[in-house]
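Chemist: Everything below, folded, please.
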Amino acid sequence: MAAGFAFALALVPGRVQFAAMKIRLAAALCSALALLSASASTITVVPIHEPISLHGTDGDEAISEIGEALQASVMARPMALTGAFPEVLVDAIRSPHMIPGNNPNYKVQEANLLVLCNIGIGAEMRPEGLHVKFDISQLTIPAEVDLTSRQVLNLAIVALRKTLEEYQKPQIQALNVAIEIDGADDAKAPLKDLESKFTLGVTGQPN
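Modeler: Reported below is the predicted structural model:
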């Protein structure tokens, strides 16, 4: 019966060609999916700088980039990431961060100021460069955080810049970066002046 079926197909060459084409398309699709899967599973450990609150501790830190001594800091921690760089690096700056310690009196559950203050951050690669958006529509400063909205955003911008400088070190092309402050209502309108543009060169230093 199988021989008879094969003979019948032979009488309809168009059907055989269509079946062969379907097989080739299925093979190509499987290959593409395999490549995408391999790309998506690539994991890289990178330093991510974060704006960190020091509330709950007895320390202040002088932030040279903004010329102030605050109960806050910009610190790096290693993270294992996969995805489209450098956009994924920007997203990672807002990762929840519970700082471990050996003192039972330190009970801070969250130290990342972007998380604490409900500031969103995201990035999109455009033809002209990397567009970074800080969403401050839900910005609120917790009572335990002794900082202003402007100070928090300045620290976040420092963290962004330091993270991208690390990324840029091995690159062979300069990176243009534009910062947008989104969600600034009337009360937050003055924070729009923190929008800026800068270029990171191939050595990770601003041009």
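
Chemist: now Q138: how far from A92?
Modeler: Separation of Q138 from A92 (C-beta to C-beta, to the nearest Å): 20 Å. Heads up, the C-betas are built off the backbone N, CA and C, glycines and all.

Chemist: Give me the more crowded residue out of these two.
Modeler: Neighbour totals were compared for Q138 and A92, and A92 leads with 18 against 10 (other C-beta atoms under 10 Å).

Chemist: Excluding chain neighbours, what is closest to the more buried one?
Modeler: I48 (4.7 Å; C-beta to C-beta, 6 or more residues apart in numbering).

Chemist: Break this structure down into its domains, please.
Modeler: Following automatic domain parsing, one finds the domains of the chain at 2-39, 44-200.

Chemist: got those as TSV, with mean pLDDT columns?
Modeler: Output for these, formatted as TSV (pLDDT from 0 to 100):
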stretch	mean pLDDT
domain 2-39	48
domain 44-200	96
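
Chemist: For those domains, state which one has the densest average packing.
Modeler: Comparing the domains of the chain by mean neighbour count (mean count of other C-beta atoms under 10 Å), domain 44-200 ranks first with a mean of 16.

Chemist: what sits up against stretch 88-95?
Modeler: Contacts to stretch 88-95, defined as C-beta atoms under 8 Å, 6 or more residues apart in numbering, come from residues 46, 48-51, 79, 81-82, 112, 114-115, 119-123, 130, 132, 156, 159-160, 163-164, 167.

Chemist: ignore the last one, stretch 61-75
Modeler: 49-55, 57, 59-60, 113, 146-147, 151-152, 154-155, 158-159, 161-162.

Chemist: Out of these, name the ones that lie in strands.
Modeler: Members of these lying in strands (criterion: DSSP state E): 49-53.

Chemist: quick one: which of the residues you listed is nearest P100?
Modeler: I52 (13.1 Å; C-beta to C-beta).

Chemist: Go ahead and confirm the closest one touches L114.
Modeler: No: taking contacts as C-beta atoms under 8 Å, I52 lies outside contact range of L114: 10.0 Å.

Chemist: ranges for the helices of the chain?
Modeler: Taking DSSP state H as the criterion, the chain carries its helices at 2-10, 13-40, 87-92, 113-116, 149-168.
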